[in-house]
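> fold the following for me, if possible:
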Amino acid sequence: MTSRSNNPKSHERSISESQPSQDRAQKNRGVYESFLKTIVEFNKKHNTPIQEQPQIDGRPLNLYTLYGYVLKAGGSEAVDENAHWLHIATALGFPGQGHAVSDIHRRCLREYEKEWLAKRRASQPRLTQDLSDKTMVSSNDLASSASYSKELRVSYTPEHPTTESSNDDEIHGIAAAKNPYKPIRRTLDTFVGINPHTASMIGKDATKLRPYPTFQELGRLDIQGIARSIESYLPAEVGNALDILTVIAGDRRWGLPLIHCGDLLEVLVECLSDSLAYISCENTCSIVKYSELVFDALHSSSRYKESWLLSDTNFDHESAVQRIMSIMTILRNLAFTEINQEPIANTNQLLSTLSTGIIAFCTIERTAVIPDTLALDFAKDCVTLLSLIGGFVVLDDQEQFSVIFRFLLSFAPLSTPVTVYDVSALLALNPYLAPAIDATAKIFSRDEPNRRLCEDFLSIGSSVHTWSHSTNLMMLATAILPNDLTDGSIHTISKRLPLLQHSIIVAEFAADMTPVSGEIPARWTDETMTCCLRLMVLWKSMSRIMLPVSGMTETESTAMKRRIIAVINLLFSKTGSNAPVGARGSKRLWSELKTLIQFAEAEFAIF
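Next comes the predicted model:
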């Protein structure tokens, strides 16, 4: 206060700044009072008296502002047609009161608006004619042009429709210079008549009402009670027990230790065996290639027909298929826990049950109740399970060995090798090639009795039969080996070293199991077969990898290179000193093999 009184200039400046705002407020108040007086007089003259100050929920409604909003929207008829009363009510500060605002406008302003618009339309041709005459004025007649623009200036002061007040255009303000046209935009909050937010909330609520609980909602479980429910063979009890086990086995944060679960594993295998009895077939059928299973699942309509309502037998088959897929999923997920792998592998009748399942799901003449998609899912679960428990599997039956061996060979990319090959694309198209290689290395590399069963299996049958299985085995081993030596392949090899180690084990096993006849190794060493060529590229690339990488030390890298040379030397010794005939470039490849073996003898002294 003291500073203001001591500084007269600042006091005068504050008074001068506040004076225009006060003048504008007084002018607006005068315009509103004039407009309200005009409206009241107009309605009295037309025998429709109104209140001077309409109210909504006890709050006054400004008729002047309402009239301006309606005119800017194109008139009351346009507002009615576009249903914009709710927007106007929200702009006036009365959200949700569109009907009340529309009713007040109809009682107080509708007739006045109609008469004013009629007068406006009647005077529009005269204004257009005057405008065309004025545009012909000379360019130097600035005074007359200025006076004409002043005559056409539109103001915002209200006017009675029957008078010539200069305030008429001030009220209705439609000049393009001051109020350019702005289209009304509406945000779409629905999709084909459905509110997305509401639909999303309904979907979330429906998800919460699923028939099975989450792992956190299971609470305290009785494993023995679950096992007894499975043994009861009541459809509802078995289904509920398998659903609970699926939830438990699918949660990776906690592994279910089977060694503390009593006879749960035996009960699961027994239920799997009994379910397979409904759909088992003879072992004479050939196993379908994995690529054919994928093709059938993607490009053909399912052979499954929902006819179980008309037949009790088909209903039993359908229930059996559902139980089989559920138990296979449970066993696969439980096998990811390391302490469960040995108990699962040592379970009685597991391998025979898996062999029966492979024949039922992965053969050409499988029953029509099994759709193609479920056959593919069974193959994926089975090869993953064999890969996890392969280190503890002991085969003592020739029939079981034959089924599992042919099943793993079905994951080989082609029946015969090709020259053009993309390893990255192959792994992308067949992601289960790696588990097949891993399972083959773990199961068939054991000394006894698995290797003895393999020798007996390859020695039985014709030479065509032996060549086919041996070629598929070698192609399975060398499928992921590099094709050429580039910087990109070096990086890829360094990432796949653990899998490549298993591939070399399978390749050594295939070379060792090959008969000494010489025909098959001669085909392998041919450049068009690319088997030995891939082994050579891998051996050369090992020296360019910076160690340690992927958990491999220098000692492990040296052992892997020795194993590669051992495989090549084994093929060389079985083939003989003569190069194979009938293939382009085979002599050059054979000379490179000799040079590589001599270099390895000097470096490692392993032969």
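> compute the number of surrounding residues for Gly58.
5 (other CB atoms under 10 Å). In this view, the C-beta of every residue, glycine as well, is placed from N, C-alpha and C.
> and Ile56, backbone torsions?
Ile56 adopts backbone torsions of phi -130, psi 120, taken as degrees, to the nearest 10.
> once you drop chain neighbours, what's closest to it?
Closest residue in space to Ile56, ignoring its immediate chain neighbours: Ala100 at 5.0 Å, by CB to CB, 6 or more residues apart in numbering.
> Asn450 contacts Val394, correct?
Yes - shown here, Asn450 and Val394 form a contact pair, counting by CB atoms under 8 Å, at 7.1 Å.
> neighbour-wise, which of the two wins?
Asn450 (20 against 12).
> OK, contacts around the more buried one?
393-395, 401, 443-444 (CB atoms under 8 Å, 6 or more residues apart in numbering).
> just to revisit the earlier point, is the residue nearest to Ile56 in a helix, a strand, or coil?
Secondary structure state of Ala100, per DSSP: H, G, I helix; E, B strand; the rest coil, is helix.
> and it, how many residues sit next to it?
As a burial measure, Ala100 scores 17 neighbours (other CB under 10 Å).
> and for the one 3 residues further on?
The criterion is other CB under 10 Å. On that basis, Asp103 has 14 neighbouring residues.
> gap between it and Leu109?
For Asp103, the distance to Leu109 (CB to CB, to the nearest Å) stands at 11 Å.
> check the gap between Thr478 and Asp512 for me.
For Thr478, the distance to Asp512 (CB to CB) stands at 15 Å.
> re earlier: so the residue nearest to Ile56 is in contact with Phe94, correct?
Yes - with contact defined as CB under 8 Å, Ala100 counts as touching Phe94 (7.1 Å).
> need the overlap of contacts for those two.
What both Ala100 and Phe94 touch, as defined by CB under 8 Å, 6+ apart, is the set Ile56.
> show me what contacts the residue nearest to Ile56?
Contacts of Ala100 (CB under 8 Å, 6+ apart): 56, 89, 94.
> same thing but 10 Å
54-57, 61, 85, 89, 94 (CB atoms under 10 Å, 6 or more residues apart in numbering).
> just Phe457 next, same as before
Contact partners of Phe457, counting by CB under 10 Å, 6+ apart, are 398, 401-402, 405-406, 465-466, 469, 513.
> separate out the buried members of those residues.
For the contacts of Phe457, a burial check counting by 16 or more other CB atoms under 10 Å picks out 401-402, 405-406, 466, 469, 513.
> kindly indicate which of those lies nearest Arg228.
In terms of CB to CB, no member of the buried ones among the contacts of Phe457 lies closer to Arg228 than Phe401, at 34.9 Å.
> wait, the closest one sits on Asp456?
Yes - assessed by CB atoms under 10 Å, Phe401 is found in contact with Asp456 at 8.6 Å.
> quick check: neighbours shared by those two?
Taking CB under 10 Å, 6+ apart as the criterion, Phe401 and Asp456 both touch Pro449.
> in three-state terms, label Pro180 for me.
Assignment for Pro180 (three-state DSSP): coil.
> where does the stretch 201-350 of the chain have low pLDDT?
Scanning the stretch 201-350 of the chain with the threshold set as pLDDT under 70 gives 210-212, 280-285, 300-313.
> follow-up on the earlier one: need the buried ones among the contacts of Phe457 in TSV (columns: pLDDT, distance to Lys289 and secondary structure).
Converted to TSV, the buried ones among the contacts of Phe457 look like this (pLDDT from 0 to 100; distance: CB to CB, whole Å; DSSP: H, G, I helix; E, B strand; the rest coil):
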residue	pLDDT	distance to Lys289	secondary structure
Phe401	88	20	helix
Ser402	88	17	helix
Phe405	92	14	helix
Arg406	90	10	helix
Thr466	72	19	helix
His469	81	13	helix
Met513	78	21	helix
